[in-house]
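> Okay, predicted coordinates and the sequence, questions at the end:
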Amino acid sequence: MLPKTETCRAASADRHRASTIMNHDASAEYLRNAVMTATPEQLHLMLYDGAIRFARQAREALVAGDLENACEKLLKAQRIITEMKNGLRPEVNPSLCDQLSGLYNFIYWRLVEANTRHEPECIDEALQILEHQRETWKLLIEKVREAAPAVTAHVPAKPAERQPLSVEV
């Protein structure tokens, strides 16, 4: 049988593990709900946020000499950038997609270089572009949001006996 102090420590450790798991579950549930209820524009903003967060964490780990953690965070940021590039729709605007694809390629390869050369400056260059793109995207979302009430204000209310209107764009 364990001494009383050992039993208390074990119980405390068990409570801490349970609390950590519950907090992780709550965080995961919150994130899942945020993703499921977000607009496509908000999802894109969340991708920028994630890439920036992981790149910053990687930079901190790299500076601290924690190469394993830096590598893990850089790979996460690279995956997000890859998904953003794969989500481009050239059929909508080919020239814009070409420009964004070039930016995403540059960011991706700077993160790869940071991982292979262990140079925080490479992450700094990627972060500078990511942060600028995020702010641009955020401004765009706000502009669209501001314009939306003006558009809906001109839509007449549909009479109850009419069929739903279909809008062709």
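Happy to help now that I have it.

> How about residues contacting the helix or strand hosting Asp49?
For Asp49, the host element (DSSP states H and E) is helix 40-64. Helix 40-64 is contacted by residues 34-35, 38, 67, 69-74, 76-77, 80-81, 83-84, 87, 107, 111, 114, 118-120, 123-124, 126-127, 130-131, 133-134, 137-138, 140-141, 144 when judged by CB atoms under 8 Å, 6 or more residues apart in numbering. Heads up, the C-betas are built off the backbone N, CA and C, glycines and all.

> From the residues you listed, list just the buried residues.
70-71, 73-74, 76-77, 80-81, 84, 107, 111, 114, 120, 123, 126-127, 130, 133-134, 137 (16 or more other CB atoms under 10 Å).

> Give me the subset of the contacts of helix 40-64 lying in helices.
34-35, 67, 69-74, 76-77, 80-81, 83-84, 107, 111, 114, 120, 123-124, 126-127, 130-131, 133-134, 137-138, 140-141, 144 (DSSP state H).

> Where does pLDDT dip in the protein?
1-24, 26-28, 30-35, 37, 149-169 (pLDDT under 70).

> try 90
Residue ranges of the chain with pLDDT under 90: 1-42, 144-169.

> Would you enumerate the residues in contact with the spatially closest residue to Cys71 that is not a sequence neighbour?
Excluding the flanking residues, the one nearest Cys71 by CB to CB, 6 or more residues apart in numbering is Asn115, at 5.7 Å. When contacts are counted by CB under 8 Å, 6+ apart, Asn115 is found next to 70-71, 74-75.

> Same check on Arg110?
Applying CB under 8 Å, 6+ apart, the residues contacting Arg110 are 122-123, 125-126.
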